[in-house]
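> give the three-dimensional model of this entry:
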Amino acid sequence: MRTVVFLNPSAGTPKHPHLAVGRRRIAAALGEAGLEADVRLVDGCEVAAAVEGAVAAGTLRSAATVLIGTDTPLAVLPRGTFNHFAKDIGVPLALRAAIAAIATGHATTVDVGEVNGHIFLNNSAVGAYPRLVAHREAVRRRFGLPKWPAVAYGFVRALTQPPRLRLFLDLDDEIVSLSTWFVLVSNNRYRMRRLGYARRAGMTRGELGVYATLGPNRPRATAAFARMLAGRPPKDDVLETTSHGFRLASSAPELLVSLDGELVRLVPPLLFRVRPRALTVIAPSPERHRRFVSRRS
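This next block holds a predicted model:
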């Protein structure tokens, strides 16, 4: 089985000084699993074009965008920062275990989310979280900070200069007026458990999770925003619901929107929808997935 692997050197943790070593390590592990490997280093902005070339002859979201609607499956190596998508389709986090799961896995289909024609695999957001990402990337470019110090800086800036958004949520023919700091839309609903363990129970339920902070003042809004980022259960200062598709309106000429951590500016209204089973992925065999879930629980 011939496998093309695209490594985005800017994704995940700070750039490793020996990328060539990591590239050879991945190629060797794939070879040991019986996969003929072509491992390529590709910057995030070039992932889509690179994947188009490979299909015809990054980032995970860019690769998925190209592969939607094709018969070519997406296999995920969890080498990023959080690896939410890999975890939720059952891929182990250790490199060799992940490669073994891919080599013995099977093709299956999962849902993707979409907003104004842009897809997302994990979540999309407006408000404080896109502002956090913008501050993080600005300080990384200016000062060359590693990712986690830059995240901390972005978090503080987002909370000290919070965006107060006036939005209108058209959900199942009911208009909900929101004065909020933060709206998050997830591809399938999150199960909010203990700190840091927000996971999705399934990737084929054909639904979006919708979450928005409702705190009337800064302390409550800050607490709600921090709790949602940490994956903790929402309280009465958070709107939580599900939808197959909805419309988010604003009087602003444009909104800064995050798509799996990437930023775009979109003209409202934002039209969110789920695309059921639109993406083919390589997932671990059911038996291997059950063992992985039991260890994770």
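
> bridging residues for residue 257?
Residues in a beta bridge with residue 257, per DSSP bridges, are residue 126, residue 264.

> what distance do you get for residue 179 to residue 135?
Using Cβ to Cβ, to the nearest Å, one obtains 22 Å as the distance from residue 179 to residue 135. Yep, even glycine has a C-beta here, placed from its N, CA and C like the rest.

> surely residue 154 meets residue 136?
Yes - at 3.5 Å, residue 154 and residue 136 qualify as touching, with contact defined as Cβ atoms under 8 Å.

> pull out the buried positions in the helix or strand hosting residue 166.
For residue 166, the host element (DSSP states H and E) is strand 165-171. By 16 or more other Cβ atoms under 10 Å, the buried positions in strand 165-171 come out as 165, 167-171.

> quick one, longest strand in this protein?
Identified as the longest strand of the chain according to DSSP state E is strand 270-283.

> tell me the mean pLDDT over it?
Averaged over strand 270-283, pLDDT sits at 95.

> comparing residue 179 and residue 135, which shows the higher neighbour count?
Neighbours per residue (other Cβ atoms under 10 Å) separate residue 179 from residue 135, with residue 135 holding more: 19 against 14.

> any idea of the angle whichever strand or helix holds the more buried one forms with strand 165-171?
Assigned by DSSP H and E, residue 135 falls within helix 128-143. Interaxial angle, helix 128-143 versus strand 165-171 (axes from the mean of the first three to the mean of the last three Cα atoms, to 10 degrees): 130 degrees.

> so, low pLDDT: which residues of the stretch 101-250 of the chain?
Low-confidence segments of the stretch 101-250 of the chain (pLDDT under 70): 147-148, 159, 162, 192-197, 215-218, 221, 225, 228-235.

> change it to 90
In the predicted model, the stretch 101-250 of the chain carries pLDDT under 90 at residues 101-105, 128-129, 131-165, 171-174, 176, 178-182, 190-201, 212-240.

> coming back round to it: how far off centre is the helix holding residue 135?
17 Å (Cα atoms, centre = their mean, to the nearest Å).

> wait, what's in contact with residue 266?
The contact partners of residue 266, taken as Cβ atoms under 8 Å, 6 or more residues apart in numbering, are 115-116, 118, 254-255, 257.

> can you pick the most crowded of those residues?
Neighbour max across the contacts of residue 266 (other Cβ under 10 Å) = residue 257, 25 neighbours.

> ok, that one to residue 123 distance?
Per Cβ to Cβ, residue 257 is found 11 Å from residue 123.

> need the three-state assignment for residue 227.
Recorded secondary structure, residue 227: helix (DSSP: H, G, I helix; E, B strand; the rest coil).

> what's the burial count for it?
Using other Cβ under 10 Å, residue 227 is surrounded by 18 other residues.

> so it versus residue 163, what's the distance?
As judged by Cβ to Cβ, residue 227 and residue 163 stand 18 Å apart.

> same check, this time on residue 61
Noted for residue 61: a distance of 23 Å to residue 163, by Cβ to Cβ.

> so residue 252 sits in a strand?
No - assessed with three-state DSSP, residue 252 is coil; it does not lie in a strand.

> return the residues in contact with the closest residue to it other than its chain neighbours.
For residue 252, ignoring the flanking residues on the chain, the nearest one in space by Cβ to Cβ, 6 or more residues apart in numbering is residue 268 at 6.5 Å. Contacts for residue 268 (Cβ under 8 Å, 6+ apart) come out as 248-250, 252, 254-255.

> returning to that earlier point: can you redo the contacts of residue 266 as JSON lines with distance to residue 72?
Shown next, in JSON lines, are the contacts of residue 266 (distance: Cβ to Cβ, whole Å):
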{"residue": "115", "distance to residue 72": "24"}
{"residue": "116", "distance to residue 72": "25"}
{"residue": "118", "distance to residue 72": "20"}
{"residue": "254", "distance to residue 72": "34"}
{"residue": "255", "distance to residue 72": "33"}
{"residue": "257", "distance to residue 72": "27"}
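
> ok, these vs residue 77, which is closest?
Using Cβ to Cβ, residue 118 is the member of the contacts of residue 266 that lies nearest residue 77, at 23.6 Å.

> does the closest one touch residue 262 like I think?
No - contact criterion Cβ under 8 Å: residue 118 and residue 262 do not qualify, at 9.1 Å.

> and residue 104, how far is that from residue 285?
Here the criterion is Cβ to Cβ. By it, residue 104 lies 6 Å from residue 285.
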